[in-house]
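Trainee: take this sequence and fold it.
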Amino acid sequence: MPPEIANALTNGDPAPAGLTAAEKDAYDQMNALYQTGSGYAAMMVTRPQTLGYGLADSPVGLAALFYDEFADWNYTNREPERELTKDEMLDDISLYWLTNTATCGAGPLGRPASAPATVYGGVTHCAKRYGWRTHARAQWTSR
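Mentor: As a prediction, this is how the structure comes out:
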């Protein structure tokens, strides 16, 4: 990202002059994320365990967080069902719930790089706009 764009976003300034319509649209989306969608990131960086305990204790809390993230990540005007089926969303939510890995998933930035970790990951990825679909399950262990 060019420094002048990063500075404008950080300062909450309007889009710099001279951007194309597509660049202006991208800027506006990033600005909205900076203004209203960075709360989870701040929590994950500063207090990952706090968020993780709530996610590990409440399937409804975990589902609510995931649904909110699906709504943000899929560029569907906060209607994730336009890109993902309910089963696809439930696949991801269930994977974290059934393996009790929401806590470690909430805070990888808070874990020292030298600390051992086992991460179970499952992905149901539906990128209809690209015309491909991938289902993968894997386990990674680092020591």
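
Trainee: now Lys24: closest residue in space that isn't a chain neighbour?
Mentor: Ala15 (5.1 Å; C-beta to C-beta, 6 or more residues apart in numbering). Glycine gets a C-beta too; all of them are placed from N, C-alpha and C.

Trainee: just name the shakiest helix or strand of this structure by mean pLDDT.
Mentor: For the chain, counting by mean pLDDT, DSSP states H and E, strand 117-127 ranks last in confidence among helices and strands (a mean of 39).

Trainee: still on that earlier bit, and the residue nearest to Lys24, what does it touch?
Mentor: Each residue near Ala15 by C-beta atoms under 8 Å, 6 or more residues apart in numbering is listed here: Ala8, Glu23, Lys24, Tyr27, Asp28, Asn31.

Trainee: where in this structure is pLDDT low?
Mentor: 41, 105-143 (pLDDT under 70).

Trainee: mind listing the strands for it?
Mentor: 117-127, 132-142 (DSSP state E).

Trainee: separation between the residue nearest the centre of the chain and Gln29?
Mentor: The centre of the chain sits closest to Glu69, judged by C-alpha atoms, centre = their mean, with a distance of 5.4 Å. Distance of Glu69 to Gln29, computed by C-beta to C-beta, to the nearest Å: 15 Å.

Trainee: over to Phe70?
Mentor: Distance from Phe70 to Gln29, by C-beta to C-beta: 16 Å.

Trainee: okay, those two: which has more neighbours?
Mentor: Just comparing Phe70 and Gln29: by other C-beta atoms under 10 Å the higher neighbour count belongs to Phe70, 20 against 12.

Trainee: ok, that one - contacts?
Mentor: Contacts of Phe70 (C-beta under 8 Å, 6+ apart): Pro80, Leu84, Met89.
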